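J.: coords below, sequence missing:
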């Protein structure tokens with residue numbers, strides 16, 4: 001019997017993303033205009049005026065101001081020809097740590113309120129290395145996120161034919177999977193490299209009850225005492241970030257079979 005094949009017409013699209021930069025706010029534009037006497041470029045002499053009148057550096061010379069501008073321009077526009085700031089250069093200069101570092105490098109807010117009172121640095125599809133349709137999945141991205149201070153790592157769990165039966169990938173796509181155990185072990189090793197505050201692992205669960213049991217055992221085995229376990233009883237609020245330092249929290253939806261029983 002001869003094989004028959006069906007053909008399909010498809011449309012392919014290329015998406016181009018335009019990189020947008022933060023524009024100088026009006027107060028910075030006004031300050032630039034004031035220091036330059038409404039000229040379009042800021043000279044070393046104009047910059048000296050800014051340092052003296054607005055930064056309080058009373059003994060600044062034009063040569064000193066020029067050196068600061070050149071150091072900044074080497075970072076902002078390495079191919080610059082003239083030592084002068086545009087309003088964008090001036091705005092970006094204000095964010096250079098070398099010259100205008102943050103006042104506080106350490107946590108200085110009250111961290112003793114319940115966890116849900118805070119904004120949390122959150123990752124999305126934390127395991128993807130590239131395109132979410134055909135890209136790869138790797139613990140390298142998870143490690144990179146944790147080293148940047150991300151506190152919420154998202155993992156999508158799907159059944160597989162491997163020994164433990166679970167892998168992590170973006171479902172319904174051609175992304176290459178990574179083993180769940182490898183993800184957990186990498187999180188354990190790098191969770192608190194950047195910050196001591198708790199890491200929340202969000203699990204998007206597409207597993208059977210038997211596989212969920214495997215995940216529960218895996219989590220207990222790998223994270224041990226670092227795993228946060230609520231005490232018995234009702235809890236309206238989580239402990240504080242301070243109380244949860246160096247702890248791992250799991251977040252996931254209740255299984256459908258549980259919801260069906262309750263309803």
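T.: Yep, that arrived. The structure presented is a predicted model; accordingly, all values stated were derived computationally and were not measured.
J.: Let me know whether residue 120 touches residue 151 as I believe.
T.: Yes: under the criterion of C-beta atoms under 8 Å, residue 120 is in contact with residue 151, at a separation of 5.2 Å. C-beta: built from backbone N, CA, C; applies to glycine.
J.: Which of those two has more residues huddled nearby?
T.: residue 151 (20 against 13; other C-beta atoms under 10 Å).
J.: what residues are up against the more buried one?
T.: 120-122, 195, 197-200 (C-beta atoms under 8 Å, 6 or more residues apart in numbering).
J.: What strand or helix carries the nearest residue to residue 242 once chain neighbours are set aside?
T.: Counting by C-beta to C-beta, 6 or more residues apart in numbering, residue 111 is the residue found nearest to residue 242 once chain neighbours are left out, at 4.4 Å. Residue 111 is part of no helix or strand when elements are defined by DSSP states H and E.
J.: Residue 111 contacts residue 243, doesn't it?
T.: No: taking contacts as C-beta under 8 Å, residue 111 lies outside contact range of residue 243: 9.0 Å.
J.: that older thread, ok, so what distance separates the residue nearest to residue 242 from residue 27?
T.: 31 Å (C-beta to C-beta, to the nearest Å).
J.: out of these two, which sits in the busier spot?
T.: A count of neighbours by other C-beta under 10 Å puts residue 111 above the other of residue 111 and residue 27, at 16 against 8.
J.: Tell me the secondary structure at the closest residue in space to residue 154 that isn't next to it in sequence.
T.: Closest residue to residue 154 apart from its sequence neighbours, by C-beta to C-beta, 6+ apart: residue 202 at 4.6 Å. Of the three states, residue 202 takes strand under DSSP: H, G, I helix; E, B strand; the rest coil.
J.: who touches residue 202 in this structure?
T.: By C-beta under 8 Å, 6+ apart, the neighbours of residue 202 are 152-155, 251-252.
J.: What residue spans form the domains of this protein?
T.: 26-100, 120-229+240-262 (automatic domain parsing).
J.: which residues of the stretch 101-250 of the chain fall in helices?
T.: 139-147, 180-190, 209-223 (DSSP state H, counting those that start in this stretch).
J.: Centre of the chain to the shortest one, how far?
T.: So the one you mean is helix 139-147. 10 Å (C-alpha atoms, centre = their mean, to the nearest Å).
J.: Which elements pack onto that helix?
T.: The contact analysis (3 or more C-beta pairs under 8 Å, 6 or more residues apart in numbering; DSSP states H and E) places helix 139-147 against strand 152-159, helix 180-190.
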